[in-house]
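> Take this sequence and fold it.
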Amino acid sequence: PHPQPEREGMFHRGAGLNLTSGQYTAPVAGYYTFTATLHIVRREQQRRKGQPCRGNHLRVLICVQSRCHHNSNLEAVSRLESSGDLFTISVTGVLYLQAGQYASVFMDNAAGPPLTIQSGSDFSAILLGV
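Below is the predicted model:
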């Protein structure tokens, strides 16, 4: 039996996704295609005069075993425009996982203001082959 989706419009097949931890655990060793699409709201805060700007970009990564180093992750970088407070960033690609290894999504905010991930964001994994 397949786990039931938590809400309407949600598709969930297989037991590898843990919705509490946000991790996908590979049931078998193989190549998996991963996709994460995050809908993000930027909460502007008043910057005090003379306070340095931390940057204007955001990185979203899908990492294996929470190790976000070269060859263990997928990465997308987005430049945040000065206007607007709602935007979307996506990352997709293929990673090899051993049985029992997990992948999860990380966000590296170098943009300064706090960011909130909105509902409707998604994270998926599909086994391509062993």
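> what about this protein, any weak spots by pLDDT?
Scanning the chain for pLDDT under 70 picks out the ranges 1-14, 44-55, 70, 81-84, 111.
> centroid residue for it?
Central residue of the chain (Cα atoms, centre = their mean): Val105, 3.4 Å from the mean position.
> Mind listing the residues bridging to that one?
As for beta bridges, Val105 partners with Ile62 under DSSP bridges.
> Next up, the contacts around it.
Gly22, Ala36, Leu38, Val60, Leu61, Ile62, Phe123 (Cβ atoms under 8 Å, 6 or more residues apart in numbering). For glycine as for every other residue, the C-beta is placed from the backbone atoms N, C-alpha and C.
> What helix or strand is Ser124 located in?
Ser124 is part of strand 122-129 when elements are defined by DSSP states H and E.
> What strands flank that strand, and is each parallel or antiparallel?
strand 30-42 (antiparallel).
> ok, what's across the strand from Thr33?
The partner residues for Thr33, given DSSP bridges, come to Val94, Ile126.
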